[in-house]
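Peer 1: Could you look at this predicted model? Sequence included:
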Amino acid sequence: MEKIAHGLEGVVVAGTHLSHVDGERGELIIGGFAVDELGPNATFEEVLYLLWHGRLPRRNEVDDLARALAAQRSLPPATLSFLRSAAERNLAPMDALRIAVGTLSLAVPQANGRRETQVALAQSLVARFPTIIAAYSRLLGGEAIVEPDARLGHVANYLYMLQGNRPDPDAVRALETYFNTVVDHGMNASTFAARVIISTRSDMVSALEGAIGALKGPLHGGAPGPALDMVFAIREHAASSGRIIEEEAEVWIRDALARDERLMGFGHRVYKVRDPRADVLGAAATKLFTGAGDRQLYTDARTVEKVALRLLREAKPERRLDTNVEYYTALLLHGIGLSTGLFSPTFAAARAGGWTAHILEQIKEDRIIRPSSAYIGENHPRWSPLEGRI
Ligand code: ACO
């Protein structure tokens, strides 16, 4: 029988110009730049241009792109009306985002075979992710929706629509670093889902909906909320038991591992060393928590991380489990003032840049993704009629 590549581990399914993940060396290249160069220095508009056009933009090009994105932020009435009903039913934010993105088919331009029309479509979709997420977050909180402000950049405007006041420049820089850092990451599950869908010559909106569905799971983009919940739970237990955080983390994590639970924010399919994005976000979080934020939470999270790494090594000596991007995502986004329910949708808003770039690449490749399976079921010699079955 053929060898089955469970989880497609190690299977190379596409050539890409977008990003390169070196799991052994712990390196990530996005659009030709190391993530620690790109993350803290670029604007998200520059990164989008880089991924969509394959080179860094000149001043006028990035200004044009920023204007085009800003001009397309508002939502069609049907999307707003859906978000209102979803908030009444308290739908999970990732589900609301997935369905709302589907309704954008009512508003976005039609694309044909020409690349410019596909890029224009990508722009108009990526432009609206933050508006959907912010509007939904405010509706869930019983607050009035904040209209987008075209004078603000993509990321600053997202924070403005979420929080309703002029965003603090340090918070914007931290969030922009986050967006840049997670914008693309090789053939991850949600990107693969998007590429599979578009490879059938389906449409970009469908591909994005599929990607959001894949990102939502706790083994992928759903991890940062639970990662922070773990730190909060350990702090609460410590407060009631009188133990210091390090001791409480030891008890809590040992218990979790004994129950065969996975620690969220640790381990990665590709990285066998520390996820380089954890360092970029860790540095951004350090800056943010030094300037403002809950410094004690940051210190406690570092303590929990140290204990988790030690106990993971002890529990799984044959595996190389290290901190992944989600652990510091949780800390950074919390430090910026985002609630845990916003972590995965914010990841989606950033990753939409990578998804659309991969979709454009796959459209160009124009070959349906259709792997094979090995049949491991039974073989019956004859059909058995209903009456004779036992
Ligand atoms: N905590 C405890 N044990 C773990 C963890 C973890 N975080 N991660 C892997 N393991 C264990 C598994 O239980 C398994 O043990 P076993 O062989 O005794 O059954 C073994 O290590 C599997 O390890 P891998 O083969 O390296 O893991 P895989 O490639 O299947 O999964 C994944 C990778 C899904 C990320 C996993 O490490 C995990 O579940 N981590 C927690 C969730 C998380 O943080 N997800 C975000 C990933 S980053 C991103 O998607 C943006």
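Peer 2: Thanks, I have the structure now.
Peer 1: Please make it C-alpha for all contacts and neighbour counts, starting now.
Peer 2: Fine.
Peer 1: Would you mind writing the CA trace of the strand or helix carrying I363 as PDB?
Peer 2: Taking DSSP states H and E as the definition, one finds I363 inside helix 343-365. The C-alpha atoms that make up helix 343-365 are tabulated as PDB, following Å, rounded to 0.1, in the frame of the first residue of the first chain:
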ATOM      1  CA  PHE A 343      -7.500  37.600  19.100                       C
ATOM      2  CA  SER A 344      -8.400  35.200  16.400                       C
ATOM      3  CA  PRO A 345     -10.400  37.700  14.300                       C
ATOM      4  CA  THR A 346      -7.500  40.100  14.500                       C
ATOM      5  CA  PHE A 347      -5.200  37.300  13.300                       C
ATOM      6  CA  ALA A 348      -7.600  36.800  10.400                       C
ATOM      7  CA  ALA A 349      -7.500  40.600   9.500                       C
ATOM      8  CA  ALA A 350      -3.700  40.400   9.200                       C
ATOM      9  CA  ARG A 351      -3.600  37.000   7.500                       C
ATOM     10  CA  ALA A 352      -6.100  38.100   5.000                       C
ATOM     11  CA  GLY A 353      -3.100  39.900   3.300                       C
ATOM     12  CA  GLY A 354      -1.300  36.500   3.000                       C
ATOM     13  CA  TRP A 355      -4.400  34.600   2.000                       C
ATOM     14  CA  THR A 356      -5.200  37.000  -0.900                       C
ATOM     15  CA  ALA A 357      -1.600  36.900  -2.000                       C
ATOM     16  CA  HIS A 358      -1.600  33.100  -2.100                       C
ATOM     17  CA  ILE A 359      -4.900  33.100  -3.900                       C
ATOM     18  CA  LEU A 360      -3.400  35.400  -6.600                       C
ATOM     19  CA  GLU A 361      -0.500  33.000  -6.800                       C
ATOM     20  CA  GLN A 362      -2.700  30.000  -7.100                       C
ATOM     21  CA  ILE A 363      -4.900  31.700  -9.800                       C
ATOM     22  CA  LYS A 364      -1.700  32.200 -11.800                       C
ATOM     23  CA  GLU A 365      -0.700  28.500 -11.300                       C
END
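Peer 1: Return the residues in contact with the closest residue to W252 other than its chain neighbours.
Peer 2: In space, and not counting its chain neighbours, W252 is closest to I234: 6.7 Å by C-alpha to C-alpha, 6 or more residues apart in numbering. By C-alpha atoms under 8 Å, 6 or more residues apart in numbering, the contact set of I234 is I245, E248, A249, W252.
Peer 1: One more: D149?
Peer 2: By C-alpha under 8 Å, 6+ apart, the residues touching D149 are A70, N157.
Peer 1: who wins for neighbours among the contacts of I234?
Peer 2: Neighbour counts for those peak at A249, which has 28 neighbours (criterion: other C-alpha atoms under 10 Å).
Peer 1: returning to that earlier point: show me which positions of the helix holding I363 end up buried.
Peer 2: Across helix 343-365, burial judged by 16 or more other C-alpha atoms under 10 Å covers 343-363.
Peer 1: Stretch 138-150 now?
Peer 2: Of the residues in stretch 138-150, those with enough neighbours to count as buried (16+ other C-alpha under 10 Å) are R138, L139, L140, I145, V146, E147, P148, D149, A150.
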